[in-house]
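> Okay, predicted coordinates and the sequence, questions at the end:
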Amino acid sequence: MAATLRQGSPNSKAATPQGFAEEHIRCTDGDCDTEYVLAYHPDELRTADGTSALDAMRAKAAELVASTHSLHDFRNYVWAGLEKGWVVTLENNLTAAGI
């Protein structure tokens with residue numbers, strides 16, 4: 001399934017492609033205003049057994065954002081499945097995620 005997690009900033013060059021849903025994941029640490037954008041295709045959220053992976057994607061994204069506070073290195077991540085979760089991609093245009 002195609003999904004990305006990237007910096008949520010007006011300075012970010014990445015845009016969410018048409019047809020993809022977008023959610024904002026905020027850092028939960030006090031006054032931190034850091035935000036990441038979770039983008040995914042709504043039709044591609046089923047796992048092999050037919051269940052939705054969206055809740056797992058959200059939870060793992062929130063954990064990742066919280067774990068990078070206060071550095072927030074703003075790397076781009078792609079969803080690698082339920083076992084691997086979010087992995088760093090070196091491609092700035094996020095094509096590694098099929099987007």
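Ah, there it is.

> how about the strands in the chain?
For the chain, the strands defined by DSSP state E cover 3-7, 21-26, 35-40, 76-79, 86-89.

> Next, the angle from the third one to strand 3-7.
Translated: strand 35-40. Computed by axes from the mean of the first three to the mean of the last three C-alpha atoms, to 10 degrees, the angle separating strand 35-40 from strand 3-7 equals 160 degrees.

> what residue ranges in the protein score low on pLDDT?
Within the chain, the stretches with pLDDT under 70 are 1, 10-13, 71-72, 90-99.

> about what we covered before: with mean neighbour count and distance to A66 added, can I get the strands of the chain in a markdown table?
C-beta here means a position set from N, CA and C on the backbone, and glycine is covered the same way. Listed next are these as a markdown table, based on neighbours: other C-beta atoms under 10 Å; distance: least, C-beta to C-beta, whole Å:
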| stretch | mean neighbour count | distance to A66 |
| --- | --- | --- |
| strand 3-7 | 24 | 13 |
| strand 21-26 | 14 | 9 |
| strand 35-40 | 22 | 11 |
| strand 76-79 | 22 | 14 |
| strand 86-89 | 16 | 13 |
